[in-house]
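Participant: Whatever this is, show me its structure:
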Amino acid sequence: MYAVVGIPCDIKPVGKHPFHAAGVKYVAAVAGGARCVPLLLPALGGQLPLAAALDQFDGVLLTGSLSNVEPQHYAGAASRPGTLHDPARDATTLPLIGEVIARGMPLLGICRGFQEINVALGGTLHQHVQEQAGLADHRDLSGDAPLEVSYGLAHPVRLRPGSLLAQALGVDEIQVNSLHQQGVATLAPGLRAEAHAPDGLIEAFSLPDAPGWLHAVQWHPEWQYAHNPASLALFTAFGEACRQYRQARTGQPALPTPQGEAR
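Facilitator: A predicted model of the protein is given here:
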């Protein structure tokens with residue numbers, strides 16, 4: 001019996017029609033890195049029976065996206081014209097986060113997912129990090145360069161002593177990619193910063209008092225996860241937490257899916 005990880009979708013246009021969609025790299029990282037079964041959750045907002053949906057899962061991964069969390073959810077200023085939003089995703093993920101935490105279900109947030117968790121728990125965001133005094137430009141400015149360049153290592157992050165990655169890797173600093181414009185302005189109550197960029201921006205956090213496993217990062221560990229020790233350590237820990245959750249709720253041992261990198 002395998003652990004199942006829910007991946008909430010974005011709404012994205014394909015031709016003339018909207019589609020529920022999730023990036024291949026996230027699905028691959030759940031299957032090959034966490035070694036769990038990925039299952040996509042449509043962005044139906046209030047039309048989705050949330051409790052029934054979560055009954056199918058042993059963990060949830062909140063992915064990155066080109067869209068931004070609408071600022072109305074954290075009392076932010078109105079977005080600039082042309083800002084990409086995904087209200088259906090907001091209406092799905094923001095209520096979901098509290099329920100996932102209450103169940104003690106493992107939760108991993110990446111980029112937009114990192115920001116969603118902070119907003120759902122009462123934190124706020126910078127909409128344009130590069131315009132904040134003292135903060136660097138964290139955007140991908142590579143233009144039409146290959147993905148290997150866009151997702152290349154961009155800057156170090158300092159890990160909190162005793163943090164998940166510091167313990168797993170035995171280091172106090174790692175190199176990460178950087179492809180974001182929004183970032184944490186105020187950290188939500190209860191969250192603990194686990195990593196900082198050189199400019200002081202929070203790059204990872206956890207929820208120490210949560211009944212279950214919760215970690216989130218601003219960078220993209222799903223990109224070529226199998227070739228990056230920090231990324232693999234993060235997905236391995238997430239997968240193990242999901243298997244422990246499934247065993248606790250079913251009373252049956254949960255096995256990792258067959259070894260191998262999914263693409």
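Participant: now the helices for the stretch 101-250 of the chain?
Facilitator: 112-120, 147-150, 164-169, 229-250 (DSSP state H, counting those that start in this stretch).
Participant: May I see those organised as TSV, with mean neighbour count added?
Facilitator: Heads up, the C-betas are built off the backbone N, CA and C, glycines and all. Putting the helices of the stretch 101-250 of the chain into TSV (neighbours: other Cβ atoms under 10 Å) gives the following:
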stretch	mean neighbour count
helix 112-120	25
helix 147-150	12
helix 164-169	18
helix 229-250	20
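Participant: Nearest to residue 128, out of those?
Facilitator: helix 112-120 (13.3 Å; Cβ to Cβ).
Participant: Output the contacting helices and strands for that closest one.
Facilitator: strand 59-62, helix 87-103, strand 107-110, strand 124-126, strand 183-186, strand 202-206, strand 214-217 (3 or more Cβ pairs under 8 Å, 6 or more residues apart in numbering; DSSP states H and E).
Participant: hmm, try it at 10 Å
Facilitator: strand 4-8, strand 59-62, helix 87-103, strand 107-110, strand 124-126, strand 183-186, strand 202-206, strand 214-217 (3 or more Cβ pairs under 10 Å, 6 or more residues apart in numbering; DSSP states H and E).
Participant: got the helices of the stretch 101-250 of the chain as a markdown table, with mean pLDDT and distance to residue 201 columns?
Facilitator: Converted to a markdown table, the helices of the stretch 101-250 of the chain look like this (pLDDT from 0 to 100; distance: least, Cβ to Cβ, whole Å):
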| stretch | mean pLDDT | distance to residue 201 |
| --- | --- | --- |
| helix 112-120 | 98 | 12 |
| helix 147-150 | 95 | 19 |
| helix 164-169 | 96 | 17 |
| helix 229-250 | 98 | 18 |
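Participant: Turn the ones you listed into CSV, including distance to residue 70.
Facilitator: Output for those, formatted as CSV (distance: least, Cβ to Cβ, whole Å):
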stretch, distance to residue 70
helix 112-120, 9
helix 147-150, 25
helix 164-169, 30
helix 229-250, 27
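Participant: Need the contact partners of stretch 142-151.
Facilitator: 25, 140-141, 152, 154, 177-179, 219-220, 222-224 (Cβ atoms under 10 Å, 6 or more residues apart in numbering).
Participant: How about residue 177: what's its closest non-neighbour residue?
Facilitator: Leaving aside its sequence neighbours, residue 177 sits nearest to residue 151 (Cβ to Cβ, 6 or more residues apart in numbering; 4.9 Å).
Participant: List the contacts of residue 56.
Facilitator: Counted by Cβ under 10 Å, 6+ apart, residue 56 has contacts 4, 6, 39, 41.
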